[in-house]
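Engineer: 3D, please:
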Amino acid sequence: MRAQTEKAYQYIKYQINSQNWYPEMHLFETAIAKELQMSRTPIREAFTQLEMEGLLQRTLNKGVQVARLPLNRREVLDRLQVFEFLLTEHFYYLEKKAMALPGALLQQIDALQHDNRAEFSLQHLLQELLSLANNRFLAETILSILNSLAKLYQQLTQITQQKLQHTLEVGLPDCLSTLRQEDYRHLQHQFHLLMNQIELVVVQQL
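Structural biologist: From the prediction side, this is the model:
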């Protein structure tokens, strides 16, 4: 493999394996060639090699896309369970401290309760909630797991994504309402039930 082809190959493979490029994402020779400051020929050759390895797929009228790889069910469940454990521990911390939620956080909860497309995203709400513990490592760990779960979500089939979306739409409002009331003990129970439902979907679909 020529040097430039090898460079293109390693670059594209890294973007896929690190999940920076999600399944079914369209790839364009011109854009990658411009990024790597090379001609389109090495990109085309790298595409061919990665297609042979199953990392890319070429479809009629859609060109080259990142292939949808089979997910390891254990990998997804492990992340979900660690996420649940750490966030439940955080709720327990809030309970022990009898933590009062700041007004800005209450406004975010209200926004999410009334409009799930609100300016304040669920991830931003979680960041603010985790900041109450003043534990940067815990916050970074939980958010890192959440980001990895979001990337894994992109690899799920459409029907599985729809089932998970429905599960969140049913269970999340109760969790937000309980959080709004600062009833952290009950929140731990509700969050556990929600995560069980999410894990059940994963087990059934993967």
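Engineer: I'd say residue 87 and residue 142 touch.
Structural biologist: Yes. Contact criterion Cβ atoms under 8 Å: residue 87 and residue 142 qualify, at 6.1 Å. (Glycine included, C-beta is placed from N, CA and C.)
Engineer: What strand or helix carries residue 141?
Structural biologist: For residue 141, the element it lies in under DSSP states H and E is helix 136-153.
Engineer: Can you mark which positions in that helix are buried?
Structural biologist: 138-139, 142, 145-146, 152 (16 or more other Cβ atoms under 10 Å).
Engineer: wait, which of those residues is closest to residue 186?
Structural biologist: residue 142 (20.5 Å; Cβ to Cβ).
Engineer: ok, that closest one to residue 38 distance?
Structural biologist: Residue 142 sits 40 Å away from residue 38, going by Cβ to Cβ, to the nearest Å.
Engineer: quick one: contacts of stretch 14-23?
Structural biologist: Residues from elsewhere that reach stretch 14-23 (Cβ atoms under 8 Å, 6 or more residues apart in numbering): 12, 27, 50, 55-56, 65-69, 148, 151-152, 154-155.
Engineer: Just those residues: which are in strands?
Structural biologist: Under the assignment DSSP state E, the contacts of stretch 14-23 contribute 27, 56, 65-66 to strands.
Engineer: circling back: and the contacts of stretch 14-23, which are buried?
Structural biologist: 12, 27, 50, 55-56, 65-67, 152, 155.
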